[in-house]
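In: build me a structure from this.
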Amino acid sequence: MRGYFGIGAERISKPMNLGALMRTAHAFGAGFVFSVDAERRLKEAHIADTSKADGQIPYYQWDRLEDMVLPRGCQLVGVELTEDAVELPVFRHPPQAAYILGPEKGSLSPEALARCAHVVKIPTRFCINVSLAGALVMYDRHLSMGGYGPKPIMPGGPDGARRRAHVQGPDRQQDAKKG
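Out: As a prediction, the model looks like this:
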């Protein structure tokens, strides 16, 4: 997969959510993880991060949105349930992206949304857990950019393992003429 991505949250307050997001980011090959204006007691995040991502990928903690510095060419993608957001299943991910999620009990700030090059939404009826939302975004990125071909038409894998070859049955008209 070409490109890179980072993922983080604005005003995240629960250490276990940050730890789960870090672990999942590590599993999906994120280049970095970040937080903006996060709760200070997030040092407990390592409890939920059993992969020890903080020793494998950089974690940036910015106090204010104005302090956030992304690599050149990296597009900020907001993940938020807004009317004009693009639904995630039809979104084309930028090759260099940083995904920013809102806090557990709130939304991305208007300032964060204004900085975003794109805003996507997960097509759910209501908001879901921040670490789960992050996992879904990373999974969608992996599926759409990972070099996978289109999904098969029939149930099962692309090798057709569940699909049996058609076997021609006996010719009943020929059998009737013989009989």
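In: pLDDT weak spots in the protein?
Out: 1, 40-50, 158-167, 172, 175-176, 179 (pLDDT under 70).
In: one more time with 90, if that's ok
Out: Across the chain, the ranges flagged by pLDDT under 90 are 1-2, 13-20, 22-23, 38-57, 59, 61, 104-105, 125-127, 146-179.
In: the strands in it, which residues?
Out: 4-10, 32-36, 59-62, 75-79, 86-87, 96-101, 118-121 (DSSP state E).
In: can you redo these as JSON lines with distance to residue 24 and mean neighbour count?
Out: C-beta coordinates here come from the backbone N, C-alpha and C atoms, glycine included. Formatted as JSON lines, the strands of the chain follow (distance: least, CB to CB, whole Å; neighbours: other CB atoms under 10 Å):
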{"stretch": "strand 4-10", "distance to residue 24": "8", "mean neighbour count": "24"}
{"stretch": "strand 32-36", "distance to residue 24": "10", "mean neighbour count": "23"}
{"stretch": "strand 59-62", "distance to residue 24": "14", "mean neighbour count": "16"}
{"stretch": "strand 75-79", "distance to residue 24": "14", "mean neighbour count": "21"}
{"stretch": "strand 86-87", "distance to residue 24": "21", "mean neighbour count": "12"}
{"stretch": "strand 96-101", "distance to residue 24": "12", "mean neighbour count": "24"}
{"stretch": "strand 118-121", "distance to residue 24": "17", "mean neighbour count": "20"}
